[in-house]
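Participant: fold the following.
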Amino acid sequence: MKAYLANGLFSEADQLYNKLLAKEIRLALPGIDLYVPQENAALNDKSGYADSVSIFNGDNEYLDKADILIAVLDGVEIDSGVAAEVGRFITLKEFNPTSKYIIGLYTDVRQQGRDNQKKINALIQDGTENQFMYRNLYVIGGIKNHGKIVSSIDELCNELKDLN
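Facilitator: The predicted structure is shown next:
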C-alpha cells in the first residue's frame, strides 16, 4: 500500500507532529510505503533551494501513485497545500475510482461536547460564542465522498489496517 501524508510542514510543531504520525503509521503497518513530504530533502530542506514547479512536480510524483491520502485537517484552517492535495487526489480518484481513498485526520478537542446543550444554546443566541471549530465544507464533503474522517492517530492506524 502506498500512502501520502499531507500536512503543513513549516513550523517546528508541524515537523514534530508529522514525524510522530509517520512513526505511528509505520509501526502499525510495517510494509506501508509512506511518503512524507518533509522527509524529501531535495524539495523541503529549506536551507537549500527548490522552486515552486519542482515542489509541485516532485510531490505529485508520489501523490499520483498513492493509494491513500492521509490529510491532516487540524489547525486554524485546513492547510492550503493539504486542501490542494485533497483536490488533486479526488480528481485522480474520479478517473480511477477503485484505487484511491482519503482519510482525513481531525483531532481538534473542540469536537468534544457536541451534545452539550449549553454550548449549542450559546451558539444559537450569539454566533460569536461558537465553541466548535469550522472546517471548509467543500473540502470536508470531498473527503467524505471519497473516504472517511477519523479523530485520533489510533483510529487512523486502525482504518489503514482495515484497508490493507
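Participant: so how far is residue 48 from residue 41?
Facilitator: 8 Å (CB to CB, to the nearest Å). Placement of C-beta: from N, CA and C, glycine included.
Participant: same check, this time on residue 88
Facilitator: 25 Å.
Participant: for these two, indicate the residue with more neighbours.
Facilitator: Set residue 88 next to residue 48 and count neighbours by other CB atoms under 10 Å: residue 88 wins out with 17 against 9.
Participant: CA atoms only: put the helix or strand containing that one into PDB for me.
Facilitator: In the assignment (DSSP states H and E), residue 88 maps to helix 80-95. The C-alpha coordinates for helix 80-95 follow below in PDB (Å, rounded to 0.1, in the frame of the first residue of the first chain):
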ATOM      1  CA  SER A  80      -3.800  25.400   1.800                       C
ATOM      2  CA  GLY A  81      -1.300  22.800   0.500                       C
ATOM      3  CA  VAL A  82      -3.300  20.000   2.100                       C
ATOM      4  CA  ALA A  83      -6.500  21.300   0.500                       C
ATOM      5  CA  ALA A  84      -4.800  21.400  -2.900                       C
ATOM      6  CA  GLU A  85      -3.600  17.900  -2.500                       C
ATOM      7  CA  VAL A  86      -7.100  16.700  -1.500                       C
ATOM      8  CA  GLY A  87      -8.500  18.300  -4.600                       C
ATOM      9  CA  ARG A  88      -5.900  16.700  -6.900                       C
ATOM     10  CA  PHE A  89      -6.300  13.300  -5.200                       C
ATOM     11  CA  ILE A  90     -10.100  13.400  -5.600                       C
ATOM     12  CA  THR A  91      -9.600  14.200  -9.300                       C
ATOM     13  CA  LEU A  92      -7.300  11.200  -9.700                       C
ATOM     14  CA  LYS A  93      -9.800   9.000  -7.800                       C
ATOM     15  CA  GLU A  94     -12.600  10.100 -10.200                       C
ATOM     16  CA  PHE A  95     -10.500   8.800 -13.100                       C
END
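Participant: contacts for it, please.
Facilitator: 4, 6-8, 59-60, 63-64, 66, 69, 71-73, 99-102, 136, 139, 142-143, 145-146 (CB atoms under 8 Å, 6 or more residues apart in numbering).
Participant: so which of those are in strands?
Facilitator: 4, 6, 69, 71-72, 101-102 (DSSP state E).
Participant: of those residues, closest to residue 17?
Facilitator: For the ones in strands among the contacts of helix 80-95, the minimum distance to residue 17 (CB to CB) is 7.7 Å, reached by residue 72.
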